[in-house]
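[1] 3D, please:
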Amino acid sequence: MADMSKIRNIGISAHIDSGKTTLSERILFYTGKIHAIHEVRGKDGAGAKMDSMDLEREKGITIQSAATFCEWGENHINLIDTPGHVDFTVEVERALRVLDGAVLVLCGVAGVQSQSITVDRQMRRYNVPRLAFINKLDRSGANPFRVAQQLKEKLSHRPVMMNMPIGVEDRLSGVVDLIEMKAVYFDGDNGENLRYEAIPADLLEEAKKLRHDLVEAIADYDDAIAEKFLMEEEVTAAELKPVIRRETIKLAITPVFCGSAKKNTGVQLLLNGVIDYLPCPTDVTNEGLDQQNNEAKVTLSSNPDAPLVALAFKLEDGRFGQLTYMRIYQGTLRKSDTIYNMANGKKVKVPRVVRMHSNEMHDIEEVGAGEIVALFGVECASGDTFTDGSVQITMTSMFVPEPVIELAVTPKEKSGQVNFSKALNRFTKEDPTFRVYRDEESGETIIKGMGELHLEIYIERIRREYNTEIIVGRPKVAFREAITQKAEFNYTHKKQTGGSGQYGRVAGYIEPLPSDAVETYEFVDDIVGGVIPREYIPACDKGFKEQLGDGQLIGQKVVGVRVVLNDGQYHPVDSSEMAFKTAAMTAIRECYSSAKPVILEPIMKLEVSAPEEFQGVVIGQINQRRGVIMGTETDAGYVTIESEVPLSEMFGYSTDIRSVTQGKGEFSMEFAKYATVPKQVQDDMVKEFQAKRARGER
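    Reported below is the predicted structural model:
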């Protein structure tokens, strides 16, 4: 089994089009995992190794996070290349949930973009230490020092430059290693041969200044280095490295590397940085929840002899059935072991354990803590914890954002129904942000997701992988309803039929939850003196919840509500769970309008980048779409406009932005928050909903 200190579990994350997949491709080449380099949009049509889906190769984007492993020297790296597009944000979440460290890739021209900010937020959520790699320094307008400054200003990192480029744009020829104070050139057809030389005379002053800044930054964290720095003594690489590693793992600093993956410059130094500065599994504290002890937190040990605890963080339906990616947190997993799924208590025999290399696999007999592997033939859902049965520990699940857009879909031919259902079942199991439900009123199948591209990709996959043509309705925004003030209820449900009747009275009030509440519904049981017996309280809760799932303004889910039940009455013969559930549902219906309900709509954070001469028309377009400009920034002839725009106004935006900017404008969009729709829009929506309902009832 591998020595734990030699294992690195890392992810590569960034804004879309920063060059993550190109960087992963170079890493695989230099570590000997592949013997030829293919570009993401290569002329040879082969596509990058990590983009194994045809769709990924055609669109030139990463859709699923691909996992692979490689060796660098004596070290063993499990690498996950994650998507940059915001619609696939859950792929980034699930990767960061199980990784120990990450590389944040930034474009040397565009710098810190909106998606870089999102990815950084996700890394913070899971306390993932990271290195930054400033890529694309061969492009015109590239400036690594400006990007490092943005890391500080926009992301509040403490960036520490580990190297500097020798020339930029078309003059990029190598990098200066500021730790060792040597110039490094990358010779050979693919930059595989490293040549170390003295720093060119014209760069020596700048390199000395940057080395001085580096030592000064590290001196803040170590007394011995601080003393040497103040005495103006030389600080060696051997003295600097352990401190940089310690402070990177603590998330105090971010080592910054630079180069160009496409021009094969600087990648090997980044790999050295991954080994030198990112944590091995034993450097990170992982916690589980003990189900036998009231979910008390338990620190998991990396001991291979401890009871097994592993997390299934990603599912994929491959040629050979379901492939389950697993991170082993404690203990050892062997082929033919019996393991237990903590989510449903089922036991499973492990038929096959493999290491994945994108879409190829290598069988292994056993694997220890700290490793990431894939299992075949293990039925489970994304986020399930497995143990050997001797402990009952679960891992905390990852954060799953709520879908904001929906589409009605039906198979074109009746014969495609079976494949259509199979595809939807598989995708909902694989992707927690992809949801399916049936609209009872229209009888349609509705799919929900994180954005237009997200759903478009799944529809395309149903066509290709399941050979089923799909009819797609118009995209609809997932609106919500909310209340704005407190309203009291007091309702008695009485029904007398032959035999025992139905009786239940519920009283209390509903009120809005504070705006920072995480939950969307909260039930408070304030019943005293047994006016409603204990056994009927859950039925009341169920009734409230069910009724709030279907608001009366436009039939959408009501969010941000606290329901307080503080009084009631029961009948020794006629009361039942059913009677109290019905009473609770009607009580909400009756008091809902007194709580002054409003409609909420998803607001997206929109970032548009276009040449300066188009600034006026771009802002005009955003204003037309009820957008609010949050800020503008001009750099190198390009303007970046940040705004918040309702999602309902954003359909067809990509065509509009291209037409007014002569195809030069780019935009990225991600969910920001829910906000109240304007009064006029709300009135129109309510009218339309009521007219629809009346037609349906007739």
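[2] buried set for stretch 540-559?
    Neighbour counts over stretch 540-559 (16 or more other CB atoms under 10 Å) mark 540-545, 547-548, 551-559 as buried. Quick note: C-beta positions are derived from backbone N, CA and C, even for glycine.
[3] just give me how far that stretch sits from the chain centre.
    Stretch 540-559 sits 28 Å away from the centroid of its parent chain (CA atoms, centre = their mean, to the nearest Å).
[4] and the helix or strand hosting Leu194, which strands flank it?
    Taking DSSP states H and E as the definition, one finds Leu194 inside strand 193-197. Strand 193-197 sits in its sheet next to strand 182-187 (antiparallel), going by DSSP bridges.
[5] flag every buried residue along the strand it pairs with.
    Lys182, Ala183, Val184, Phe186.
[6] can I get that strand in CSV, CA atoms only?
    Extracted C-alpha coordinates of strand 182-187, given in CSV (Å, rounded to 0.1, in the frame of the first residue of the first chain):
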residue,chain,number,x,y,z
LYS,A,182,17.4,29.8,-11.1
ALA,A,183,16.0,30.3,-14.6
VAL,A,184,14.2,27.2,-15.9
TYR,A,185,13.7,26.6,-19.7
PHE,A,186,11.5,23.8,-21.1
ASP,A,187,13.2,22.1,-24.1
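[7] what does it contact?
    Contact with strand 182-187 is made by 163, 166, 173-177, 192-200, 203, 264-266, 268-269, as judged by CB atoms under 8 Å, 6 or more residues apart in numbering.
[8] and these, which of them are buried?
    For these, buried by 16+ other CB under 10 Å: 163, 166, 174-177, 199, 203, 264-266, 268-269.
[9] turn the residues you listed into JSON lines, columns for secondary structure and pLDDT.
    Formatted as JSON lines, the buried ones among the contacts of strand 182-187 follow (DSSP: H, G, I helix; E, B strand; the rest coil; pLDDT from 0 to 100):
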{"residue": "Asn163", "secondary structure": "strand", "pLDDT": "93"}
{"residue": "Ile166", "secondary structure": "strand", "pLDDT": "91"}
{"residue": "Gly174", "secondary structure": "strand", "pLDDT": "92"}
{"residue": "Val175", "secondary structure": "strand", "pLDDT": "93"}
{"residue": "Val176", "secondary structure": "strand", "pLDDT": "94"}
{"residue": "Asp177", "secondary structure": "strand", "pLDDT": "94"}
{"residue": "Ile199", "secondary structure": "coil", "pLDDT": "91"}
{"residue": "Leu203", "secondary structure": "helix", "pLDDT": "91"}
{"residue": "Asn264", "secondary structure": "coil", "pLDDT": "90"}
{"residue": "Thr265", "secondary structure": "strand", "pLDDT": "90"}
{"residue": "Gly266", "secondary structure": "coil", "pLDDT": "91"}
{"residue": "Gln268", "secondary structure": "helix", "pLDDT": "93"}
{"residue": "Leu269", "secondary structure": "helix", "pLDDT": "94"}
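[10] with distance to Gln149 as added columns, please give the residues you listed in CSV.
    Formatted as CSV, those follow (distance: CB to CB, whole Å):
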residue, distance to Gln149
Asn163, 17
Ile166, 20
Gly174, 23
Val175, 19
Val176, 19
Asp177, 21
Ile199, 23
Leu203, 20
Asn264, 27
Thr265, 22
Gly266, 19
Gln268, 26
Leu269, 21
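[11] and which of the residues you listed is nearest Glu590?
    Gly266 (67.2 Å; CB to CB).
[12] how near is that closest one to Glu153?
    According to CB to CB, to the nearest Å, Gly266 stands 24 Å off from Glu153.
[13] same question for Ile364.
    Applying CB to CB to Ile364 and Glu153 gives a distance of 46 Å.
[14] neighbour-wise, which of these two wins?
    Ile364 (15 against 9; other CB atoms under 10 Å).
[15] OK, contacts around that one?
    Lys335, Val353, Val354, Arg355, Val373 are the contacts of Ile364 under CB under 8 Å, 6+ apart.
[16] and Pro403, by the same measure?
    Thr433, Phe434, Arg435, Lys448, Gly449, Met450, Ala478.
[17] in a markdown table: these, plus distance to Thr299 and pLDDT.
    A markdown table is the format used below for the contacts of Pro403 (distance: CB to CB, whole Å; pLDDT from 0 to 100):
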| residue | distance to Thr299 | pLDDT |
| --- | --- | --- |
| Thr433 | 30 | 81 |
| Phe434 | 34 | 86 |
| Arg435 | 35 | 88 |
| Lys448 | 37 | 88 |
| Gly449 | 37 | 84 |
| Met450 | 34 | 78 |
| Ala478 | 39 | 84 |
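[18] is it true that Gly191 touches Thr265?
    Yes - in this structure, Gly191 is within contact of Thr265 by CB atoms under 8 Å, at 6.3 Å.
[19] what about the closest residue to Thr265 other than its chain neighbours, neighbour count?
    Using CB to CB, 6 or more residues apart in numbering and skipping the chain neighbours, the partner closest in space to Thr265 is Gly259 (4.3 Å). As a burial measure, Gly259 scores 31 neighbours (other CB under 10 Å).
[20] residues in contact with Gly259?
    By CB under 8 Å, 6+ apart, the neighbours of Gly259 are Phe133, Ile134, Asn135, Leu137, Asn163, Pro165, Val175, Thr265, Gly266, Val267, Leu269, Leu270.
[21] can I get those residues in JSON lines including distance to Thr410?
    Below are the contacts of Gly259 laid out as JSON lines (distance: CB to CB, whole Å):
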{"residue": "Phe133", "distance to Thr410": "45"}
{"residue": "Ile134", "distance to Thr410": "47"}
{"residue": "Asn135", "distance to Thr410": "43"}
{"residue": "Leu137", "distance to Thr410": "49"}
{"residue": "Asn163", "distance to Thr410": "55"}
{"residue": "Pro165", "distance to Thr410": "54"}
{"residue": "Val175", "distance to Thr410": "55"}
{"residue": "Thr265", "distance to Thr410": "51"}
{"residue": "Gly266", "distance to Thr410": "51"}
{"residue": "Val267", "distance to Thr410": "48"}
{"residue": "Leu269", "distance to Thr410": "53"}
{"residue": "Leu270", "distance to Thr410": "48"}
